[in-house]
Structure formats: C-alpha cells, structure tokens
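>>> here is the input, now give the coordinates:
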Amino acid sequence: MADISAKDVMALRQKTGCGMMECKKALVAAEGNFDEAVKVLREKGLSVAAKKADRIASEGIVDIAKCEECAATVIAEVNSETDFVAKNASFQAFVKSILSTILKNKPADITALLAANLDGTDRTVEAELKDKIFTIGENMTIRRFEIVEGVTGIYIHGGGAAGVVAKFETSEGIDATEEFKEYAKNVCMQIAAMNPIYVCPHCVPKNVIDAEKEILMAQIKNDPKLASKPEAVIEKMVSGRVSKYYETNCLNEQQYVKDENMKVKDYTASVAKQLGGNIAIMSFVKYERGEGIEKKEEDFAAEIDKLVKG
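Sure thing, here's the model as predicted:
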C-alpha cells in the first residue's frame, strides 16, 4: 500500500474540492497516483450525480451577465436543493462561469450548453456540473437561460431570488448616459414588483382579450343586479374592465411604483424628453427562482418521530 501523506490529501482536496476522507480514499484506491485519484473522484462523482438526479432542486439563484462588447445580456436560473448551497461561494462562482460560457458560445438550448466547454476550462459544462453535485452533495440543475441582444437594463432581487432583463430601443447615445441606466433599472424594478405580462395593449394576443371578455360577460350576466341592464351598457362595462386588465398586465399602462401620478409610459416619455431623444420598451424577461417547480413538502414532526423510534 502506498504511503499517503496529509500533504497529498490536502493537494487533492484543493484541486477537486472534495472532502478530506473522499480524497484519502481516492489516493488509496489509486495507490498514491495523483492523476489517477482525480479520475477516481470524477468517476465516483458521475455515479453520485446519477443517484441524486431525481431529487427536487427548487432553490438556487437567478443571475445575469452583460457583455458590453457584443451587446448581449444573459439571464439564467441554476437550481440547488437548499438555500444553504445557493449561498455557497463555489456554487455562485460556478453560476458566473455558466453565464460567461453562454455569452461566449451562444448555445441554442440547455443540451447545447451542457455539451460546451465551461469557460476557462477544457471540460464540458455537464462534466463540471456533475463534479459540483458530487463535491457539494446536492442535486443541481441548469434549468433555463435566455440571451437578449441589444440595449438592456437589468435588476437582480434578493440575492438571486428573481431577475429581470428589459430590452429597449433608443436614440443613438442615450443608452450610454447615467440617466438612462437609472431609468432602465427602475423599469426592471417595476417589472419585478408588479409582474406585468405584456409591454403594451397592442402586445396582448386577440384570443387572450376575447377570452377575458367572455369571462367578464359571463360574470355580468350571472349577477342579478347587472344582467337586466341594456346590452350597450353591458358592453361599456366590459370595455371598462378590459381597460383594467391592461392597467394590471401591461407594463406601459401600469401605475409607476415610484410616482403614483404617472404611468410607466409617462415615465418613459419624461426621461426621453429630458435626454433629448426617443426611448421605447421592446420586451422583457423575468425569472423567479423555483417558479413552477413542485416542491417537496417536509413533515418534520413525522421525521422526528421516525428518528425517536429508530
């Protein structure tokens, strides 16, 4: 049996990030060969990652990165099982590497991203992800990402609980001003707080409005106090309620959260006038960490009872 020193174990731990005992076991299995021990740990990592794949990962972070040179912005959600891991510096650094990989390679989807080499390494994103699962001890997934080209504003809320990227069209030079950058961030904060679905009324699909009108009409006709009103009055009531739908769901029509005396479209117009040009909000992307993921419900009382009874 090879003589395994504490120095060797520490060196392997520094290279792989694995625990001391795992590193020692790997060195023993590799008979002291450092490179072979790295291989042993990685092979074990693949096995562990496969076993953890069905565990729900609904925590993690939403993060954003911009490339000024290529005028592109990426937003991504990477999930872990616990909030504790999401706050881990190694996990957060890994997410940053994923963002830079996306900006560098512009992958079409998650499959293409996993097959790409992680930025700054000669190993694929998938291989590095499986290593992280083994090292950290939790299932992790790269859930989604989106690349937005052009002029953008960004906002990350709550250390990665949510993120917003908004795309704008502006007169030349406006996007470089500090006033515009503040405006763009404020718009992103509005989106994060008020959850619009569309930019403006013209962006709402006709079938969505038709369905909304049907619901409103049914509500009115099922109300004894309203059902007997003339058809023209009912139509006017429906139109008024559709306007309320726009005010709730369309960003431009929403009341601006920092000034209740104006709508978002008025705020945009005032900043554009101040800067002597034009500004238009074109689109936006909002990710909320874990949205839509069915989380496992923990019965802590049952868990404690089980432990007590052995």
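>>> check the secondary structure at the spatially closest residue to Ile142 that is not a sequence neighbour for me.
Excluding the flanking residues, the one nearest Ile142 by C-beta to C-beta, 6 or more residues apart in numbering is Val78, at 5.3 Å. Bear in mind the C-beta positions are built from the backbone N, C-alpha and C, glycine included. For Val78, the assignment made with DSSP: H, G, I helix; E, B strand; the rest coil gives strand.
>>> residues near Val78, how many?
26 (other C-beta atoms under 10 Å).
>>> was I right about it contacting Asn139?
No: using C-beta atoms under 8 Å, Val78 makes no contact with Asn139, being 11.7 Å away.
>>> can you check the pLDDT for Tyr198?
Tyr198 carries a pLDDT score of 97 in this model.
>>> what's near enough to touch Met189?
By C-beta atoms under 8 Å, 6 or more residues apart in numbering, the contact set of Met189 is Tyr155, His157, Val164, Val257.
>>> is it fair to say it lies in a strand?
No: applying three-state DSSP, one finds Met189 to be helix, outside a strand.
>>> and the gap between it and Val164?
Going from Met189 to Val164 by C-beta to C-beta, to the nearest Å gives 8 Å.
>>> mutual contacts of the two, please.
Tyr155, His157.
>>> ok, now which ones touch the residue nearest to Ile142?
Gly60, Ile61, Asp63, Phe91, Phe94, Val95, Ile98, Met140, Thr141, Ile142, Arg143.
>>> before we move on, what about Lys286?
Applying C-beta under 8 Å, 6+ apart, the residues contacting Lys286 are Ala162, Gly163, Val164, Ile191, Ala192, Asn195.
>>> ramachandran angles for it?
phi -130, psi 130 (degrees, to the nearest 10).
>>> mind checking pLDDT for it?
So, for Lys286, pLDDT stands at 97.
>>> on that earlier part again, out of the contacts of Met189, who has the most neighbours?
Busiest of the contacts of Met189 [other C-beta under 10 Å] is Val164, holding 26 neighbours.
>>> that residue sits in which helix or strand?
strand 162-170 (DSSP states H and E).
>>> with just CA atoms, put that strand into PDB.
Extracted in PDB, the C-alpha atoms of strand 162-170 (Å, rounded to 0.1, in the frame of the first residue of the first chain):
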ATOM      1  CA  ALA A 162     -35.600  36.900  -9.000                       C
ATOM      2  CA  GLY A 163     -34.000  38.600 -12.000                       C
ATOM      3  CA  VAL A 164     -35.200  40.900 -14.800                       C
ATOM      4  CA  VAL A 165     -33.800  41.900 -18.200                       C
ATOM      5  CA  ALA A 166     -35.600  44.600 -20.200                       C
ATOM      6  CA  LYS A 167     -34.800  45.400 -23.800                       C
ATOM      7  CA  PHE A 168     -35.000  49.000 -25.100                       C
ATOM      8  CA  GLU A 169     -34.700  50.900 -28.400                       C
ATOM      9  CA  THR A 170     -33.200  54.400 -28.000                       C
END
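>>> which residues are contacting stretch 103-113?
By C-beta under 8 Å, 6+ apart, the residues outside stretch 103-113 that reach it are 65, 67, 70, 72, 74, 98, 101-102, 115-116, 119, 125, 142-145, 147.
>>> list the buried ones in that stretch?
Leu103, Pro107, Ile110, Leu113 (16 or more other C-beta atoms under 10 Å).
>>> closest to Glu179 out of those residues?
Using C-beta to C-beta, Leu103 comes nearest to Glu179 of those, at 26.5 Å.
>>> need the phi and psi values for the residue nearest to the closest one when sequence neighbours are not counted.
In space, and not counting its chain neighbours, Leu103 is closest to Cys67: 4.7 Å by C-beta to C-beta, 6+ apart. Dihedral angles of Cys67 (phi, psi; degrees, to the nearest 10) stand at phi -120, psi 100.
>>> neighbours of Cys67, how many?
15.
>>> where does it land on pLDDT?
So, for Cys67, pLDDT stands at 93.
>>> separation between it and Ile281?
For Cys67, the distance to Ile281 - C-beta to C-beta - is 21 Å.
>>> the stretch 51-200 of the chain: helices as residue ranges?
83-86, 89-105, 110-115, 125-136, 178-194 (DSSP state H, counting those that start in this stretch).
>>> buried set for the second one?
I take that to be helix 89-105. Applying 16+ other C-beta under 10 Å to helix 89-105 flags Phe91, Gln92, Phe94, Val95, Ser97, Ile98, Leu99, Thr101, Ile102, Leu103 as buried.
>>> can I get these in CSV with distance to Met237?
Formatted as CSV, the buried residues of helix 89-105 follow (distance: C-beta to C-beta, whole Å):
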residue, distance to Met237
Phe91, 52
Gln92, 51
Phe94, 54
Val95, 49
Ser97, 55
Ile98, 50
Leu99, 48
Thr101, 53
Ile102, 48
Leu103, 50
